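> I'd like to go over a predicted model; first the sequence, then the structure.
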Amino acid sequence: MAKLISCAAANTKVDLVAQTGLSRSAVGLGLQTLAEAGLVRIAGQRATPGRGRPADRLEIDPRSGVILAAEYNVSRARVHVYDMGQRLLASRVLTIDMSDGPEAVLGDLVEVYRDLTGSDSPQLRAVGLGLPGPIDTHRGVPVRPPVMPGWDGYPVADFLSAQLQCDVVLENDVNLRALGEARALPADQSPLLYVLVDVGIGGGLVQSDGQLYEGSDGAAGDIGHIRVAGAADVPCVCGQYGCLEAVASASAMAEASSDSSGDVADVADFLVRLRHGDERAVRAGRESAAVIGGVIADLVHFANPARVVIGGPVALAHESILSRIRGVVYDRALPLATRNLAISGPVRGVESGVGGALVLAIERALGPAAITRAIAGRGGHDATTGPAAGARRG
């Protein structure tokens, strides 16, 4: 019930009865329990049709705690703090180096949270965190992440749970972007496929019910390591050759756009030239976009999404990149799979990832286990039974 109230799917007792199929007495008992836990409050009244008494309008009490949502890529992190009503309270963008190792990077996150909230902050209910690599969501650990040396198998969720005394949900950064986009769009825009084009290439798929599709081990959506048919045997960071990420990522585009001097352009310089319409940069970008579009066309045949979102700095730097991807997908995929397909940039821009982190953290904070602990007076963490930091979302 708390999740339904939080996402505005139901905000009166009548709505909850209709949505859950429970009796009015069962819903009433549940609401009493949530009120006793300090999570739900009455926020005015909603008029009802006819001459009936107005219904109490329910909401999650924003004063009942805070949520920490963060999304990390290789060099930058977005850290946001929200109240339980999902209102942004504080935020910070950090320059980071993942090669500093997990204890240093995560320790900085803990310090930033404490700096943003101060000593008198409400209780931290949950943390949602995205990292740029494969994630075992069962255990809350990265698994052989190519761009995160020293992080393989590190207990990220358990470390943060111990430091911050709350539940922690760990997820791949592209999955968070996909979820953030899907929840910001109408329900009929899912299934939604999010494709991130950056120094790496990744994908995330949100199902028609609004939930992430992660696969049995959390490895679904790792499209950057699909072998591109006919591509040169360019070595990839994963150890294989000819992967989509190796031949069409922002790094590959930057190298392809380099001049005859032999000096390879870095990604930052490439993006500046792309934004300014440099001929060599635009040509390299469009050639890579055609390769990406071909892979997406195959994925469209397999998953039949309602929307494909192309995110990352490359797609935002020049409109021709997105238009080239769109053109290839519509040209190569069959009409049945594309007749209602939308292909666009992200509606939340650079905030998609933290939006997804917020969704997962709120759902964990309002899950049965967390509510049970709150009712028992143990708050967000108990040293004996504790939150299942690395467990799947409930």
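Cool, got the structure.
> Start from the N-terminal end of the stretch 1-150 of the chain and give the helices.
2-6, 13-20, 24-36, 102-117 (DSSP state H, counting those that start in this stretch).
> next one: stretch 62-73 to chain centre, how far?
The chain centroid and the centroid of stretch 62-73 are separated by 13 Å under Cα atoms, centre = their mean, to the nearest Å.
> what would the helices of the stretch 1-150 of the chain look like in CSV with mean neighbour count, distance to Val350 and mean pLDDT?
(Glycine included, C-beta is placed from N, CA and C.) Below are these laid out as CSV (neighbours: other Cβ atoms under 10 Å; distance: least, Cβ to Cβ, whole Å; pLDDT from 0 to 100):
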stretch, mean neighbour count, distance to Val350, mean pLDDT
helix 2-6, 20, 24, 82
helix 13-20, 17, 33, 87
helix 24-36, 15, 34, 86
helix 102-117, 16, 18, 96
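> mind putting the ones you listed in TSV, distance to Asp222 included?
Listed next are the helices of the stretch 1-150 of the chain as TSV, based on distance: least, Cβ to Cβ, whole Å:
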stretch	distance to Asp222
helix 2-6	28
helix 13-20	35
helix 24-36	38
helix 102-117	21
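> From the rest of the structure, what touches stretch 270-286?
With contacts defined as Cβ atoms under 8 Å, 6 or more residues apart in numbering, stretch 270-286 is touched by 250, 253-254, 256-257, 259, 265, 313-314, 317-318, 320-321, 324.
> Kindly recompute the last result at 6 Å.
Identification of contacts with stretch 270-286 by Cβ atoms under 6 Å, 6 or more residues apart in numbering yields Met253, Ala254, Ala256, Ser257, Pro313, Ala317, His318, Ser320, Ile321, Arg324.
> do stretch 123-134 as well
Taking Cβ under 6 Å, 6+ apart as the rule, stretch 123-134 contacts 65-74, 142-143, 145, 147-148, 160, 164, 166-171, 173, 176, 219, 353, 357, 360-361, 364-365, 379-380.
> what's the answer for stretch 245-264, then?
198-201, 224, 228, 231, 234, 236, 265, 267, 270, 280-281, 284-285, 288, 291-292, 314.
> which sections of the stretch 51-200 of the chain are below the confidence cut-off?
51-52 (pLDDT under 70).
> In helices only, show me the contacts of stretch 245-264.
Among these, the residues falling in helices (DSSP state H) are Val267, Phe270, Arg280, Ala281, Ala284, Gly285, Ser288, Val291, Ile292, Val314.
> count of neighbours near the fifth one?
The local packing count at Ala284 equals 23, with neighbours defined by other Cβ atoms under 10 Å.
> again with the second one
Neighbours of Phe270 under the rule other Cβ under 10 Å: 27.
> still on that earlier bit, quick one, which of the helices of the stretch 1-150 of the chain gets closest to Leu212.
Closest approach to Leu212 among these (Cβ to Cβ): helix 2-6, 15.2 Å.
> What are the contacting residues of that closest one?
By Cβ under 6 Å, 6+ apart, the surrounding residues in contact with helix 2-6 are Ala10, Gln19, Leu34, Leu39, Leu58, Ile60, Ile362, Glu363, Leu366.
> For Val14, state which of the contacts of stretch 270-286 is nearest.
Each of the contacts of stretch 270-286 was scored against Val14 by Cβ to Cβ, and Pro313 proved nearest at 46.6 Å.
> Quick check: closest non-adjacent residue to that closest one.
Setting aside the residues directly before and after it, Pro313 is nearest to Leu271 in space (Cβ to Cβ, 6 or more residues apart in numbering), at 5.5 Å.
> Same check on Ala290?
Nearest to Ala290 is Val328, by Cβ to Cβ, 6+ apart, at 5.4 Å.
> distance of the one you found from Leu358?
As judged by Cβ to Cβ, to the nearest Å, Val328 and Leu358 stand 33 Å apart.
> And these two? Which one has more around it.
When neighbours are counted by other Cβ under 10 Å, Val328 and Leu358 differ, and Leu358 comes out ahead with 25 against 19.
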